[in-house]
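1. this is a predicted model, with the sequence first.
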Amino acid sequence: MALKTIQAPLPGTFYRKPAPDQPPFKVEGDAVALGDTVGLIEVMKTFTPVVAEVTGKLAAFHVENEAPVMAGQPLYDLET
């Protein structure tokens with residue numbers, strides 16, 4: 001299996017959960033299908049989904065929940 005690092009498409013705050021009281025979209029070890037939402041990036045109260053462009057297994061996150069990110073920064077690794 002190959003490891004693919006997925007990068008942030010834009011700068012903002014990365015959220016691994018849809019809301020503070022809800023479970024994460026995905027956790028390490030989860031299967032990820034094409035089109036699955038893995039997280040959200042918030043910029044000025046606008047939330048943009050981070051959607052999987054390939055299928056695989058989520059190997060690791062590089063960013064914690066509610067952490068600031070820059071465009072191009074690694075978000076997570078997928079085993080493809």
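-> Okay, I see it. Residues are numbered from 1 along each chain as shown.

2. tell me the confidence at residue 63?
-> Looking at residue 63, its pLDDT is 96.

3. excluding sequence neighbours, find me the nearest residue to it.
-> Residue nearest to residue 63 in three dimensions, not counting chain neighbours: residue 14, with 4.9 Å by Cβ to Cβ, 6 or more residues apart in numbering. No exception for glycine: its C-beta is placed from N, CA and C like everyone else's.

4. Provide a list of residues in contact with that neighbour.
-> Contacts for residue 14 were tallied using Cβ atoms under 8 Å, 6 or more residues apart in numbering; they are 8, 39-41, 50, 63, 65-69, 75.

5. residues touching the nearest residue to residue 5 once chain neighbours are set aside, list them.
-> Of all residues not flanking residue 5 in the chain, residue 74 sits nearest, at 4.9 Å (Cβ to Cβ, 6+ apart). With contacts defined as Cβ under 8 Å, 6+ apart, the neighbours of residue 74 are 5-8, 62-63.

6. any idea which of those residues is closest to residue 54?
-> Proximity of these to residue 54 (Cβ to Cβ) peaks at residue 6, which lies at 8.6 Å.

7. what about residue 18, neighbour count?
-> Using other Cβ atoms under 10 Å, residue 18 is surrounded by 15 other residues.

8. let me redo that: residue 78
-> By other Cβ under 10 Å, the residues close to residue 78 number 21.

9. and the helix or strand harbouring it, which strands flank it?
-> Here residue 78, judged by DSSP states H and E, is contained in strand 74-79. Applying DSSP bridges, strand 74-79 is found paired with strand 3-7 (antiparallel), strand 56-61 (antiparallel).

10. with that, I have no additional questions.
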